[in-house]
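Peer 1: Can you look at this prediction? I've put the sequence above it.
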Amino acid sequence: MQDLVNIFVKSIFVDNMVFAYFLGMCSYLAVSKTVKTSVGLGAAVIFVLIITVPIDYLMNKYILQPGALSWLGSEYADIDLSFLSFIMFIAIIASLVQLVEMIVEKFSPSLYASLGIFLPLIAVNCAILGGSLFMQQREYESIGEATAFGLGSGIGWFMAIVAIAAIREKIRYSNVPAPLRGLGITFVITGIMGIAFMTFMGIKL
């Protein structure tokens, strides 16, 4: 249980997708103009990550990695399908994103309209694919660890986009120098927040 908590906390603060690896920046910058749209997109990212990472874990463990097909028989023990990891992970992510898009369009048309093209673009959000690839690279031992990592990564990305959206709403009333208005000041704030999140690297988990 402690290992799961450690993975969960670390994926939120220490290995934050935005502030530690700067993944998913296109959606992070484009949709973070208002808190409302940021909350909607952040929730969608959490939903996609918490489902795709465990599914990709099972696929990697029982189908893709070297020797994974040994459960079919000894003659399959030498098969290595790891070269299919990228395309299989992306296929699963795209399927889940399509499901999220249909749900949001059905139950919240206003949010669907405000998110625009960036909702289907979750399918190519590098933070989503990064979650599955980090899971594969770190070789988590159980689906529980993979799920904890997926949930933590989603919450970390959610916190990042909501935080920057709240700040961007406030700085509209600030006297920002003309050359820095818009994305300029957003990049500056993101860098400062990234430096702030580096302090969590000192936490011993």
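Peer 2: Right, received. Where do you want to start? Residues are numbered from 1 along each chain as shown.

Peer 1: list the contacts for Ala148?
Peer 2: Shown in contact with Ala148 (Cβ atoms under 8 Å, 6 or more residues apart in numbering): Leu4, Val5, Ile7, Phe8, Ser11. Where you see a C-beta, it was placed from the backbone N, CA and C, and this is true even at glycine.

Peer 1: Can you show me the helices along this protein?
Peer 2: Ranges of helices in the chain, per DSSP state H, are 2-9, 25-31, 35-59, 85-107, 109-115, 126-138, 143-171, 183-197.

Peer 1: Quick check: which of these is nearest to Asp78?
Peer 2: With Cβ to Cβ as the criterion, Asp78 lies closest to helix 85-107 of these, at 17.9 Å.

Peer 1: quick one on the thing from earlier: okay if I get the helices of the chain as CSV plus distance to Ile203 and mean pLDDT?
Peer 2: Shown next, in CSV, are the helices of the chain (distance: least, Cβ to Cβ, whole Å; pLDDT from 0 to 100):
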stretch, distance to Ile203, mean pLDDT
helix 2-9, 8, 88
helix 25-31, 24, 88
helix 35-59, 22, 91
helix 85-107, 29, 87
helix 109-115, 34, 79
helix 126-138, 18, 92
helix 143-171, 14, 94
helix 183-197, 11, 91
